[in-house]
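Test case, fold it:
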Amino acid sequence: MDAFIFWLFILIILVLNITFITLHKKDKLNLIISGIVMLFLGPIFGFSSGALFIHFYDTSSGNTGEGAGIGGAIIGLITILNSFVILAIGILIWLIRLFKNRQSK
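Numbering: from 1, shown residues only. Sure, this is the predicted structure:
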């Protein structure tokens, strides 16, 4: 079940990234805003995946489930790292457009 949760997370992140890039190419959504939205989704993904990992954890083996919590934290950190990449690309595109507009004036 843990592999299913992980692959579902990967699928959700890929769909969000493709949606953000498609909306950016159509000039309907700025990548800076997309990065900020993903920053807010990072802790939500982390906590919910950690809770799912712990819910489906087999306690009969005698372990306490720290790995489930660590897995949820890693998923949240990966989401936040992804959002920082989107945010940095959005800021770079904004700066390039700003300097091109100043040079053309």
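
For the spatially most central residue of the chain, pull up the helix or strand it's in.
For the chain, the residue whose C-alpha lies nearest the mean C-alpha position (C-alpha atoms, centre = their mean) is residue 79; its distance is 2.9 Å. Element membership for residue 79, per DSSP states H and E: helix 66-104.

Look up the closest residue to the residue nearest to the centre of the chain, ignoring the ones flanking it.
Leaving aside its sequence neighbours, residue 79 sits nearest to residue 42 (C-beta to C-beta, 6 or more residues apart in numbering; 3.9 Å). For every residue, glycine as well, the C-beta is placed using N, CA and C.

From residue 62, how far out is the one you found?
Taking C-beta to C-beta, to the nearest Å as the criterion, residue 42 is separated from residue 62 by 32 Å.

more crowded one of these two?
The neighbour comparison of residue 42 against residue 62 (other C-beta atoms under 10 Å) goes to residue 42, with 19 against 6.

got the contact list for the more buried one?
76-77, 79-80, 83 (C-beta atoms under 8 Å, 6 or more residues apart in numbering).

What is the neighbour count of residue 51?
A total of 13 residues lie near residue 51 under the criterion other C-beta under 10 Å.

Which residues does stretch 80-95 contact?
13, 17, 20, 30-39, 41-43.

where's the closest residue to residue 73 other than its chain neighbours relative to residue 6, distance?
Distance criterion C-beta to C-beta, 6+ apart; nearest residue to residue 73, sequence neighbours excluded, is residue 46 at 5.9 Å. The gap separating residue 46 from residue 6 is 13 Å, by C-beta to C-beta.

The residue nearest to the centre of the chain contacts residue 38, doesn't it?
Yes. Between residue 79 and residue 38 there is a contact at 6.6 Å, judged by C-beta atoms under 8 Å.

Quick check, residue 53 in contact with residue 68.
Yes. Taking contacts as C-beta under 8 Å, residue 53 lies within contact range of residue 68: 3.5 Å.

list residues touching both of the two?
Each of residue 2 lies in contact with both residue 53 and residue 68 under the rule C-beta under 8 Å, 6+ apart.
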